[in-house]
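In: any chance you could fold what I've pasted below:
(one chain, ligands or ions: 2)
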Amino acid sequence: MEKLIITAAISGAEVLKEHNPAVPYTVKEMVREAKSAYDAGASVIHLHVRRDDGTPTQDKARFKEVMDAILAEIPDVIIQPSTGGAVGMSNDERLQPTELRPEMATLDCGTLNFGGDEIFENTENTIKYFGDRMIELGIKPELEVFDKSMIEMALRLHKKGHIQKPMHFGFVMGVNGGIGGDIRDFAFLRGSIPSDATYSVAGIGRHEFTIAMLAIIDGGHVRVGFEDNVYVSKGVLAKSNGELVEKVVRLAREFGREIANPHEAREILGLKPKK
Ligand code: KMH
Ligand code: ZN
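Out: Residues are numbered from 1 along each chain as shown. Ligands and ions are numbered 1, 2, ... in the order given. Next up, the predicted model:
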C-alpha cells in the first residue's frame, strides 16, 4: 500500500482560542503548530491565516509572512493554502494566496449550509474560475468535497477542462450541512471517485479519528488538525496539532501503514520534487 500522507489543518478560520488555547493566530504560533505537526509526521500543512486578534484573513501579505516563516523552520514541508477562507469573503479575496504560487491549494467544489444562517458559497462559475486559476499558475488543487454531489461537479468540470487529472480529493465529513461521518458515507464518497484519483479524509469533531482509520485501512490519506477537531480523545483537549498527528501515526503503525515524508508525498500527489 502507498505510504500515508498526513495533512495538518493547523488553524482553520472558525475555531478559536476559546475552543482550545493552542489554536494559532500569530505568525509565531502558526510556526509552532506547523512544526509540531511536521515533527510528528505531517508532510502537508493546510493553511488559513489570521490577524493577531484571531480574525481570519486571506491577505496575500499575511499569507506570505506566515508561509515564509514556516518554510524557514521546515523548508521541505508542502504548504496548501485555503482558497475557502471564511464564509462571506469574495472570490478574489479568497484567491489571494494563489498569487504566491504554492504547490497546492484547496478548491471547494460546491455550496453548502454552514450552520445557522451561514452559507459557504461556491457556485459553478466560482469553481470554474478557481480551477482555471490553478491550472494557469500550476497549482495542484485538493478538491474539497463536503457531499457526494460535489464529486459530480468536479468530474463535470474536469470534462470541461477546468480541473486536470490526476485528481486529488479531500472528503470533508461531518460538517453541519454536509455529508455525515459514518462508514456508509465514507464508502459512498470513496466509491464515487475515479480509480486514478487519490483522496484524503477530514472527519469533523468526533468523526476525526474514526474516518481516519477507514482511510488508513483503505489506502487513502488523512487530514487532522484544530480546523476540524480540537480534542485528542473524548473531552481531552489536544495540546498541539502535533498531538493529533501523533495519534494518526500510532493508528497507522498498528495497521502496518508507513508514513510519507514530504518528498514521498510529492511523488504520490504528482507534485514537482523540491530542489
Ligand atoms: N472555512 C470554510 C468556510 C477550505 O479551506 O478550502 C472553508 C474551508 C474550506 O475551510
Ligand atoms: Zn480549510
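In: show me the contacts for whatever residue of the stretch 51-200 of the chain ends up closest to ligand 1.
Out: Proximity of the stretch 51-200 of the chain to ligand 1 (CB to the nearest ligand atom) peaks at Gly84, 2.6 Å away. C-beta here means a position set from N, CA and C on the backbone, and glycine is covered the same way. Residues near Gly84 by CB atoms under 8 Å, 6 or more residues apart in numbering: 13, 94, 106, 108, 120, 144.
In: for Ile151, same thing?
Out: Ile151 neighbours (CB under 8 Å, 6+ apart): 109, 145, 169, 189, 192-193.
In: in JSON lines: those residues, plus secondary structure, pLDDT and neighbour count.
Out: Below are the contacts of Ile151 laid out as JSON lines (DSSP: H, G, I helix; E, B strand; the rest coil; pLDDT from 0 to 100; neighbours: other CB atoms under 10 Å):
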{"residue": "Cys109", "secondary structure": "coil", "pLDDT": "98", "neighbour count": "28"}
{"residue": "Val145", "secondary structure": "strand", "pLDDT": "98", "neighbour count": "27"}
{"residue": "Phe169", "secondary structure": "strand", "pLDDT": "99", "neighbour count": "26"}
{"residue": "Leu189", "secondary structure": "helix", "pLDDT": "98", "neighbour count": "22"}
{"residue": "Ser192", "secondary structure": "coil", "pLDDT": "98", "neighbour count": "17"}
{"residue": "Ile193", "secondary structure": "coil", "pLDDT": "98", "neighbour count": "20"}
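In: what's the helix or strand harbouring Ala212 in contact with?
Out: Assigned by DSSP states H and E, Ala212 falls within helix 208-218. Outside helix 208-218, the residues that touch it by CB under 8 Å, 6+ apart are 4, 171, 173-174, 181, 183, 186, 190, 199-203, 220-222, 224, 228-229, 244, 247-248, 251-252, 255, 257.
In: Pro141: what secondary structure?
Out: Assigned with DSSP: H, G, I helix; E, B strand; the rest coil, Pro141 falls in the strand class.
In: filter the contacts of Gly84 to the buried ones?
Out: For those, a burial check counting by 16 or more other CB atoms under 10 Å picks out 13, 94, 106, 108, 120, 144.
In: isn't the fifth one right next to Ala86, touching?
Out: Translated: Phe120. No. If you go by CB atoms under 8 Å, Phe120 and Ala86 don't touch, sitting 9.0 Å apart.
In: in a helix, the residue of the stretch 51-200 of the chain closest to ligand 1, correct?
Out: No. Counting by three-state DSSP, Gly84 falls outside a helix, being coil.
In: can you tell me how far it sits from Gly12?
Out: 10 Å (CB to CB, to the nearest Å).
In: wait, what's in contact with Tyr199?
Out: Contacts of Tyr199 by CB under 8 Å, 6+ apart are 168-171, 189-190, 193, 215, 220-221.
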